[in-house]
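Peer 1: below: sequence and its predicted model.
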Amino acid sequence: MADQNITALPVATTPESSDQLLLVGATEEKLIDYDKLADAILGKIASKNFALDQGNKTLLQALNELNSKTSRVGQRLQLDWCDGDAKKSKWVRNNS
């Protein structure tokens, strides 16, 4: 296989957990398991800070904030609907 062109190798469309990829390091080449690479990428994405309108946040922080605000608006709308007559109920903008 050492004398085979890389373009002649079979293409993997769905890598297996045990598949390995070649990493070209600063000092030497290394092999990494597909699952370990996927975990490393996910860890980088999860801990990366993104510049958002509300400031720098990780994806997890931004999603948690979004979910907490969404649930408060939903609770407010549900309370307004239950407290009043259906014909008089209206959407209320949550300013918090």
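Peer 2: Yes, it's here.

Peer 1: strands along the chain, start to end?
Peer 2: Remark: strands assigned in the chain by DSSP state E are 20-24, 29-33, 49-52, 55-58.

Peer 1: so where's the protein shaky on pLDDT?
Peer 2: The chain contains residues with pLDDT under 70 at 1-2, 70-96.

Peer 1: that one: helices as residue ranges?
Peer 2: 34-47, 59-83 (DSSP state H).

Peer 1: the residue nearest to residue 52 when sequence neighbours are not counted - how many residues pack around it?
Peer 2: Distances taken as Cβ to Cβ, 6 or more residues apart in numbering place residue 62 nearest to residue 52, at 6.0 Å, with adjacent residues excluded. For every residue, glycine as well, the C-beta is placed using N, CA and C. For residue 62, the count of nearby residues is 17 (other Cβ atoms under 10 Å).

Peer 1: which ones are touching residue 62?
Peer 2: Each residue near residue 62 by Cβ atoms under 8 Å, 6 or more residues apart in numbering is listed here: 50, 52, 54.

Peer 1: got it, and residue 22?
Peer 2: Counting by Cβ under 8 Å, 6+ apart, residue 22 has contacts 29, 30, 31.

Peer 1: hang on, the second one packs against residue 36?
Peer 2: It refers to residue 30. No. Residue 30 is not in contact with residue 36 according to Cβ atoms under 8 Å; the separation is 11.0 Å.

Peer 1: okay, and the beta partners of residue 51?
Peer 2: With DSSP bridges applied, residue 51 shows beta-bridge pairing to residue 56.

Peer 1: can you tell me how far it sits from residue 62?
Peer 2: Separation of residue 51 from residue 62 (Cβ to Cβ, to the nearest Å): 11 Å.
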